[in-house]
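Asks: need a structure here:
(2 chains)
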Amino acid sequence: MTLLRVEDLHTHFISRDLDNQIRVARALNGVSFALEPGRILGLVGETGAGKSLTATSIMGLLRPPARVVGGRALFEGRDLLAMPEAEVNALRGRDISLVVQSPKSSLDPLTRIGDQLIRIHRAHRKASEKAARERAVEMLASLGIPDPARRMAAWPHELSGGMAQRVLIALALMNAPRLLIADEPTTGLDVTVQAQILDLLRDLVRRTGIGAMIITHDLGVVAHYCDEMAVMYAGAIVESGPVRQVFANPSHPYTANLIGATPERLRLGGPRTVGGPPPNLFRLPEGCAYRDRCPQAGADCATPPPDVALGAGHVARCHRVAA
Amino acid sequence: MTGLLARRILLVVPLLAVILLFTFLLVRISGSDPVGLLAGPTATTEEIALVRASLALDQPIWVQFGVYFGKVLQGDLGNSWLSNRPVLAEILDRAPATIELLFWGVLIGAGLGIPAGLRAALRPDGGFDQVTRFLSLLGFSVPTYWLGLIMLFVFFYLLGWAPPGMGRIDLFLTPPDRITGSYLIDGLLAADWEAAGSAFGQLVLPVLCVAIISAAPIIKQTRAIALEVLASDYIRYARAQGLPHRQIRAMALRNSMTPIVTFIGTEITGLVGTTSLIEYVFAWGGLGQYGLSAIIAGDFAVVQGYVLVLALFSVIVFLVVDVFVMLTEPRAGAAP
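Replies: Numbers count the residues shown, from 1 in each chain, chains lettered A, B, ... in the order given. Reported below is the predicted structural model:
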């Protein structure tokens, strides 16, 4: 069974402006993708494209004024968005785990890391204090943390950024989740630590067969670590498919620009593309949201673009793409 | 850990030296000359010179400070210019009354203010938040002495529920033997139910005043602190981990405690001043009333002692707060 299938997810920020008029920011506009067990999906896009919002919407962690207004998020066939909050809360941290950026500020500053690991385990599983402690030590060890038994007594502020990220991953894995969502897991870490953390995640997926979703704006991370990728723009997925296919044949103009804008390509003397601001989410253009920035835009782009299947699961949402 | 604590406690010593210097200078810059006052209106020039010499006022100023410093270290704060009684004895006489008032007032103020602020933060702009915000604003805006007078007017004059605001115990009762200095506690300890009951009755209104005055900022500050904690990364991550709501609330409470306690510490030191007005209205006879009368009468020996004791009180409160923070906050480095 598909581990996670998101269908036509819409999330809006609904607020009132100074004149008490209702303002709607359409942050997610029909996000759809699927993730199979044992696979790693990379969700890429520029800042504000809705990558993290997709994750928080799926996990039911939105806070007002953000609200899911349509769509489904099927986790092993059950719609997370239609479930009572208590049921979703039972899944969070047990079957679906999240790893966030800013690991140091995400750990409870007044609780030793060992106690945090034990706490999350015992919140979701029936386990004795002793069994939970043993599991926590094993988990720290498996994440390459030296002297794990002693580290259990460490306070969050005593950890380096890379160490804190490992602890966060340990927290996420304490209950053997089936889906791991990593939201910019390596932002702010230095390059060698970045690689260590991502290697760790990849090995974990290969070894345990869980599904993982990595949210990033780093195409290098996607190219190196992901099986599938989905490119987000203005709250929608404009192109998705196996990483090799998408990189070999980027079909949506935005994807092509994104890949062309990586430092490596620019150094090779690739054409420099003109960037631009992301579209105003309060007033999205009709049809294709990218047409204001698109070099190939035409009159037909004012109508909603079709999803064009390019074979082997590669799909691009664009008028200019021929199947 | 003990090293850190010891260092923090040792810090009190230079702090006290600076405070002594300031209280000493306080009287020097006040410009009033006590000699004429002490020698009396009929004193001759020789008598005045004698008094001046007996107070070491004919010496250079650093010698005067040395004399003052030495005397303070021996527990001699000088004599009141008006009553000629030792200032220290008068202060020790009155301190329990003020401490009693502050203790119960802040205890009740914090006991109401902290839970109210926390509850308000759980639902910002909800009904409870709006009601408490209004009440806290009211507590902020009410003048202290007016609150005391209105309390007396309503509960003593109109309703007759409370005794008149004339001291700490009924005028016709003898206070119990001094053990702690609190008539209520001493009365209970001595099994003198009548005295304890009367002391309790006298306490209610002024304590309520202090409680109201202290609760207002505590509510506001607690709400702000709790809101910040609830919006923090670690609380958001705790939600993402699916921890039970009860545990998340407990986590938020624990993380709010350090700033709340720190705030209440600064609050208490400020309340000593506010309390003196309440003491005045209720004829409480505590330190605040004593100091206030001395300021009005220009009795600078007493003012000096009063300021010194107040500063000492603040030093102790901050010390207690810091030790609490050190013991509960791992980042402060002394947590067990």
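
Asks: interface residues of the stretch 201-336 of chain B facing chain A?
Replies: Residues of the stretch 201-336 of chain B lying close to chain A by C-beta under 8 Å from any C-beta of the partner chain are B:232-234, B:236-244, B:247, B:251, B:254-255, B:328-331, B:335. C-beta here means a position set from N, CA and C on the backbone, and glycine is covered the same way.

Asks: Filter the residues you listed down to the buried ones, PyMOL style.
Replies: To isolate the buried subset of those in PyMOL, counting by 16 or more other C-beta atoms under 10 Å in any protein chain shown, use the following:
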select buried, chain B and resi 232+233+234+236+237+238+239+240+241+242+243+251+255+328+329+330
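
Asks: Among the residues of the stretch 201-336 of chain B next to chain A, name the ones in helices.
Replies: The helices, defined by DSSP state H, take in B:Asp233, B:Tyr234, B:Arg236, B:Tyr237, B:Ala238, B:Arg239, B:Ala240, B:Gln247, B:Met251, B:Arg254, B:Asn255, B:Thr328 from those.

Asks: what mean pLDDT does the helix or strand hosting B:Val210 have?
Replies: Using DSSP states H and E, B:Val210 maps to helix B:193-230. What helix B:193-230 shows for mean pLDDT is 89.

Asks: Equivalent analysis for stretch B:47-64, please.
Replies: pLDDT averaged over stretch B:47-64 gives 80.

Asks: what's the neighbour count on residue 131?
Replies: All of this is about chain A. Neighbour count of A:Ala131, defined by other C-beta atoms under 10 Å in any protein chain shown: 14.

Asks: wrong chain, I was asking about chain B
Replies: 12.

Asks: ok, now A:Ala86?
Replies: That count, for A:Ala86 with other C-beta under 10 Å as the rule, works out to 10.

Asks: Which element, helix or strand, includes it?
Replies: helix A:85-91.

Asks: ok, and what's touching that helix?
Replies: A:Met59, A:Gly60, A:Phe75, A:Leu80, A:Met83, A:His124, B:Gly242, B:Pro244 (C-beta atoms under 8 Å, 6 or more residues apart in numbering or on different chains).

Asks: from those, which single one is nearest A:Val315?
Replies: A:Phe75 (21.9 Å; C-beta to C-beta).

Asks: residues touching the closest residue to the closest one other than its chain neighbours, list them.
Replies: Excluding the flanking residues, the one nearest A:Phe75 by C-beta to C-beta, 6 or more residues apart in numbering or on different chains is A:Leu4, at 5.6 Å. With contact taken as C-beta under 8 Å, 6+ apart, A:Leu4 is in contact with A:Ala34, A:Leu35, A:Ile58, A:Ala73, A:Leu74, A:Phe75, A:Leu179, A:Gly211, A:Met213.

Asks: Find the pair from the residues you listed with maximum spatial separation.
Replies: The widest separation within the contacts of A:Leu4 (C-beta to C-beta) is 14.2 Å, between A:Leu74 and A:Met213.

Asks: Those two: which has the busier surroundings?
Replies: For A:Leu74 versus A:Met213, the count of surrounding residues by other C-beta under 10 Å is larger for A:Met213: 28 against 19.
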